[in-house]
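J.: 3D, please:
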Amino acid sequence: MIEAKVSAVESFGLENLQEMVKSSAPCITVLLPCYRPGAQAKSMAAILKTNLQEVARQLATRKISESAIAELLDPLEQLTQDEEFLAGSRWARAIYRASGMLRQRQLVGPINQALTIGACFNLRPVLAELHLPAEFYLLKLSKKRVELLRCTNLQAEPVELRGVPPSLEEALAFKPPDHDLENRSPAAASIGAAGMRGVRFGTGSGRETQQTYLSDYYKSVDRGVRERLNGTNAPLVLAGVHEDESIYRMINTYPNLLSRGIPGSPTGSAPAKENEVVEQAYWIVRAATAEKAAARLAELKERVSPARFSVHLEAVLQASAEGRVESIYIDESAQRVGVFDAQHGAPNWGEEDLLNRAAVETILHGGLAFGLPNSAMPDGVGVAALFRY
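T.: Residues are numbered from 1 along each chain as shown. Below you'll find the predicted structure:
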């Protein structure tokens, strides 16, 4: 099994989000870039230790008691000594800490190290990945070996393709292709072979013959994939050289094959090569998920009445706090800093990212929040939202 290192800290997904945003301040968010042992960059543990010193300092200036600070930071201090955490990871990580709650999520997308302490968590770095499918499949294609991997929770493990030989060579040994590439011609008298009834000749070049064999083999792979994924609607990503990918796409019958694949040979015994292919597959699925959300946003903009759709932050922020936002879409690269007018006597933590606050308020009231690239936002706006009423 290929898997990323995950510490014992409880992870979270879309189903846990509403519970998380109910946490009381102070809410601590730590963003850690991916780290591989031996790299020149600081390790996750080193960055986290530095951040904890800053957290303690900031909380002390807000007159938080030493005992309360210790209660908040002790679990994070323990995390810096965790063996799996120290081992590093090819995935970035977001850690969320509040009184009585410690959760984390590993991230496909690259992030810069950051620390946020405030009235709510910094959720924007995870929004784009919370809507990733629970699973997808990676099909590694080559004449020497075909392998199907099930990918979930940033892990990948091989799954069996029943009745499908693992290579073209074994397929040819097991069963000849459907096409007979040889014909016969009557023998001429000049051949001089008594009793010879005909001369064998090929109908195509060696390359054409090989492509026909390969097409027949990939048809059997397609049948195996379709049977294995039947009813899942899980995305399928192809990895292979151009020739293999092109032939497979022509015969593919699985409806959720993604248009973008991973070029180059996917085979290799080195774990680094295996992990690299899996990582690229996650990037492709992440991009496809964003494209799906962007298409939904474009449809809403055209179909929904102006009274239920807005791209103005002030209106969106107010509606999110009132529980009127059904779904919110935020430009991943935008930022709008300001002071949120907290209600019900909630403590004011000063300036914050108002786009993040709009996302938090939306989730708190049962709405959905999405992070999108700037190119997917209508007219390059920083936020767009669909109102319930």
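
J.: low-confidence ranges, this structure, go.
T.: Along the chain, the parts satisfying pLDDT under 70 run over 1-9, 37-40, 174-209, 268-272, 342-347.

J.: please repeat the previous calculation with a cut-off of 50.
T.: Scanning the chain for pLDDT under 50 picks out 1-8, 177-203.

J.: which residues in it form helices?
T.: With DSSP state H as the definition, the chain shows helices at residue ranges 17-21, 44-61, 66-79, 83-86, 124-130, 168-174, 206-229, 242-251, 271-303, 313-321, 354-364.

J.: redo these as a markdown table? Include mean neighbour count and distance to residue 36.
T.: Placement of C-beta: from N, CA and C, glycine included. Output for the helices of the chain, formatted as a markdown table (neighbours: other Cβ atoms under 10 Å; distance: least, Cβ to Cβ, whole Å):
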| stretch | mean neighbour count | distance to residue 36 |
| --- | --- | --- |
| helix 17-21 | 17 | 29 |
| helix 44-61 | 16 | 10 |
| helix 66-79 | 15 | 19 |
| helix 83-86 | 16 | 12 |
| helix 124-130 | 22 | 20 |
| helix 168-174 | 15 | 35 |
| helix 206-229 | 17 | 32 |
| helix 242-251 | 16 | 29 |
| helix 271-303 | 17 | 10 |
| helix 313-321 | 20 | 39 |
| helix 354-364 | 25 | 29 |
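
J.: closest to residue 102 out of these?
T.: helix 66-79 (5.1 Å; Cβ to Cβ).

J.: so who does residue 239 touch?
T.: The contact partners of residue 239, by Cβ atoms under 8 Å, 6 or more residues apart in numbering, come to 138-141, 261-262, 264, 266, 277, 280-281.

J.: which of those are buried? Put it as a PyMOL command.
T.: The PyMOL selection below is limited to those of the contacts of residue 239 classed as buried (16 or more other Cβ atoms under 10 Å):
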select buried, resi 138+139+140+141+261+262+266+277+280+281
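
J.: filter the contacts of residue 239 down to just the ones in strands.
T.: 138-140, 262 (DSSP state E).

J.: report the two of these separated the most.
T.: Among these, 139 and 262 lie farthest apart (Cβ to Cβ), at 10.0 Å.

J.: list the buried residues for stretch 30-49?
T.: 30-35, 43-45, 47-48.

J.: for that stretch, measure first residue to last.
T.: Across stretch 30-49, the terminal residues are separated by 11 Å (Cα to Cα, to the nearest Å).

J.: re earlier: mutual contacts of residue 139 and residue 262, please.
T.: Common contacts of residue 139 and residue 262, defined by Cβ under 8 Å, 6+ apart, comprise 237-239.

J.: including distance to residue 215, could the residues you listed go into TSV?
T.: What follows is the shared contacts of residue 139 and residue 262, written out as TSV (distance: Cβ to Cβ, whole Å):
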residue	distance to residue 215
237	21
238	15
239	18
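
J.: residue 106: which of the residues you listed is nearest?
T.: Nearest to residue 106 out of the shared contacts of residue 139 and residue 262 is residue 237 (Cβ to Cβ; 19.0 Å).
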